[in-house]
Every structure is written in structure tokens, then in C-alpha cells.
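*Asks:* next come a sequence and a model predicted from it.
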Amino acid sequence: MKAVITVIGKDTIGIIAKTTTVLAENRVNILDISQTIMEDIFTMVMLVDISTSRVPFKTLAESLEGAGKEMGIQVKIQHADIFDSMHRV
């Protein structure tokens, strides 16, 4: 099962490291990643495989959001099929 993770906030050291550490600790595989910095705003979108995750989806979402709060940024995850449905033109 795939999910989409979005990360946005003021650029700071360790955003990618902290976010990917949460994923690695929970056995979530990153399939694709795109990130950019616009002036001092960091943005990242990841497509991940959550089929081997050690925790329920809700717990993973809470862990990612908590890591984001520690860094003063927003980290959200949603199932890829829901993301696709919301952004279909």
C-alpha cells in the first residue's frame, strides 16, 4: 500500500534526516522523493510504501506529525488513493 507524505515549513537543519528516521524506524520504504527550497521555505513530497510498516497508519501519522512539530514544520501523510482522488482533474 502506498502513501503520500508532504512536508512544508521554514528551512532548518535536519528536516530530511528526522523525517526519514521516523520512516526507517517503522519499516516504511521511500519509493520517490522530491524536495525544494523556495527562499527559506522547505517543501518535500514523498511517495512511500507502508505495506511493511510496524505500526498502524494512525500511529505513523502521529509520529510524523510529532516530528514535524518538534522542528516547527508540518508533516502530513495520506493514503495514495485518497491523495489521487483529491487531486484528479
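*Replies:* Everything's here; your move. Worth saying up front: this structure is predicted, and the values here are computed from it rather than measured. Numbers count the residues shown, from 1 in each chain.

*Asks:* so where's the protein shaky on pLDDT?
*Replies:* Applying pLDDT under 70 to the chain flags the ranges 83-89.

*Asks:* now do the strands in this structure.
*Replies:* 2-10, 29-38, 41-49, 74-79 (DSSP state E).

*Asks:* please name the strands paired to the first one in the sheet, noting orientation.
*Replies:* Strand pairing for strand 2-10, using DSSP bridges, gives strand 41-49 (antiparallel), strand 74-79 (antiparallel).

*Asks:* ok, back up a step: turn the strands of the chain into CSV, columns for distance to residue 23 and mean neighbour count.
*Replies:* Where C-beta positions appear, they are placed from N, C-alpha and C, glycine not excepted. Shown next, in CSV, are the strands of the chain (distance: least, Cβ to Cβ, whole Å; neighbours: other Cβ atoms under 10 Å):
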stretch, distance to residue 23, mean neighbour count
strand 2-10, 8, 18
strand 29-38, 6, 11
strand 41-49, 6, 17
strand 74-79, 10, 17
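
*Asks:* quick one: which of the strands paired with strand 2-10 is nearest residue 61?
*Replies:* Closest to residue 61 of the strands paired with strand 2-10 is strand 74-79 (Cβ to Cβ; 5.0 Å).

*Asks:* from the middle of its chain, how far away would the closest one be?
*Replies:* A distance of 5 Å separates the centroid of the chain from that of strand 74-79, by Cα atoms, centre = their mean, to the nearest Å.

*Asks:* between the longest helix belonging to the chain and strand 2-10, how many degrees?
*Replies:* Criterion DSSP state H: the longest helix present in the chain is helix 57-71. Put simply, helix 57-71 runs at 20 degrees to strand 2-10, going by axes from the mean of the first three to the mean of the last three Cα atoms, to 10 degrees.
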